[in-house]
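**Q** Here is the input, now give the coordinates:
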Amino acid sequence: MDRLKRQKKMGFTRTNTLMYLFEQLPQLPDPKDPDQLDELLPWSPSLQQTSREFKS
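**A** Okay, the predicted model is just below:
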């Protein structure tokens, strides 16, 4: 299953996910740090919570 289908199945919208990423990426202290980037992946609890908030 590709990422977009997985996100849709989890209740995310492409627009909400991209909005979150574009807001968060510039704020990362080190955008090359894998641990920081992991927090922005679809299965990250912080992204899941944010996506739900955008949908409301």
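**Q** tell me the contacts of Gln24?
**A** Leu40 (C-beta atoms under 8 Å, 6 or more residues apart in numbering). Quick note: C-beta positions are derived from backbone N, CA and C, even for glycine.
**Q** and it, how far is that from Lys5?
**A** 23 Å (C-beta to C-beta, to the nearest Å).
**Q** what's the answer for Met19, then?
**A** Counting by C-beta to C-beta - Met19 and Lys5 are separated by 19 Å.
**Q** any idea which helix or strand carries Lys32?
**A** Lys32 is part of no helix or strand, with elements assigned from DSSP states H and E.
**Q** and it, how many neighbours?
**A** 7 (other C-beta atoms under 10 Å).
**Q** State the pLDDT value of it.
**A** What the model reports as pLDDT for Lys32 is 91.
**Q** returning to what we had before: Met19 and Lys5: which has the busier surroundings?
**A** Neighbours were counted for Met19 and for Lys5 using other C-beta under 10 Å; Met19 has more, 14 against 9.
**Q** pLDDT at Pro26, what is it?
**A** Pro26 is given a pLDDT of 94.
**Q** how far away is it from Thr17?
**A** 16 Å.
**Q** For the two, indicate the residue with more neighbours.
**A** Shown here are Pro26 and Thr17; by other C-beta under 10 Å, Thr17 has more neighbours (20 against 8).
**Q** What segments of this protein are helices?
**A** All helices of the chain, identified by DSSP state H, fall at 3-9, 14-24, 34-38, 45-55.
**Q** quick one: buried residues of the shortest one?
**A** Read it as helix 34-38. The neighbour-count check on helix 34-38 (16 or more other C-beta atoms under 10 Å) flags nothing as buried.
**Q** which residues touch it?
**A** Contacts for helix 34-38 (C-beta under 8 Å, 6+ apart): Leu28, Pro29, Asp30, Pro31, Ser44.
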